[in-house]
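Enquirer: Okay, sequence plus prediction incoming.
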Amino acid sequence: MKKIISTLIFIFSISLSFSQLISHTSVRVNDDERDGYIELEKFWSKIHKQAIEDGYSQRWMIWEFIYSDDKDAEGKPDFLIMNFYKDSLQKAKSANLNVWDYAKNVYKGKLSKSKFEKKWNLPAGKRNFYELERLDNTYWHGKIEEGMEITLNAFKALNEDYEDYEMKFFKKWHEKNILDGSRKWWEFNKIITSNLTTDSSTDGTPTHATIDMSGREQSQDERDEFWNGLTFQDRMMIKNGSASRELLGRYRLKLLMFE
């Protein structure tokens, strides 16, 4: 259990003096372990809440992957843990924390030793770890609440211009969608490192990831107006920007809990 203590996530902050760092941990559990895993994360939620209050991290989230059927879910993760740090200094502070002692202190007087150890050793699943750096995002137009859904896109950069296309071109369209209410959020992250302990569900090695949160559904008239209003330059930018990346995986997720 101690080997999987560093887990984590996706936060909604806007301006940073240091680059925000995020940890994503994908988790696969057997069908008969699901309830035990949910119980484990509820146990950890109090620990993360205290860690946030003590300045060891900024946010913690547990997401559940949404699939259309069992065939669609085959070989793919069941949950995603997100942990957010405001910068490398906070992440280093968290890494130096004795989590076992810290967790025991959080539950001191609340759980007996045997009950604490039982919770600690609940099913943790098979995990892959990803460390990300936030490169850009829109402003936040929504409310964080259990049950909200996001789309996570895993991309592989195909040329050195990819990041510029995302941040200097595609972002402006996302911001327009936020203004008209058809989008609530967009973020762009670079994957710094990965540690795969089980098979990955992506077809290749992703270099970047975006997260989108939709708002209201656009009408057909609005979609037609958008495409008809594109200039030749816009169309070429979309074409070349799309050619600068390869989509390796697209996932829908639902928020289960957060601190």
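Expert: Alright, I've got the coordinates. Numbering: from 1, shown residues only.
Enquirer: got the contact list for Leu97?
Expert: Leu97 is in contact with Ala51, Tyr56, counting by CB atoms under 8 Å, 6 or more residues apart in numbering. In this view, the C-beta of every residue, glycine as well, is placed from N, C-alpha and C.
Enquirer: buried stuff in the helix ranked longest in the chain?
Expert: Taking DSSP state H as the criterion, the chain has its longest helix at helix 34-53. Residues Gly36, Tyr37, Ile38, Leu40, Glu41, Phe43, Trp44, Ile47, His48, Gln50, Ala51, Ile52 are the ones in helix 34-53 that count as buried (16 or more other CB atoms under 10 Å).
Enquirer: the helices in the protein, which residues?
Expert: Using DSSP H, helices in the chain cover 34-53, 70-73, 88-95, 99-106, 113-120, 162-164, 171-179, 220-228, 232-243.
Enquirer: Tell me which of these sits nearest to Asn189.
Expert: helix 162-164 (10.8 Å; CB to CB).
Enquirer: got the contact list for stretch 157-168?
Expert: Applying CB under 8 Å, 6+ apart, the external contacts of stretch 157-168 come out as 135-136, 155, 188, 190, 207-208, 210, 237, 240-241, 243-246.
Enquirer: ok, and the most crowded of the residues you listed?
Expert: Ranked by neighbour count (other CB atoms under 10 Å), these have Phe155 at the top, with 24 neighbours.
Enquirer: Tell me which residues touch it, please.
Expert: Tyr162, Pro206, Thr207, His208, Ala209, Thr210, Arg245, Glu246, Leu247, Leu248.
Enquirer: Quickly list what it is bridged to.
Expert: His208, Leu247 (DSSP bridges).
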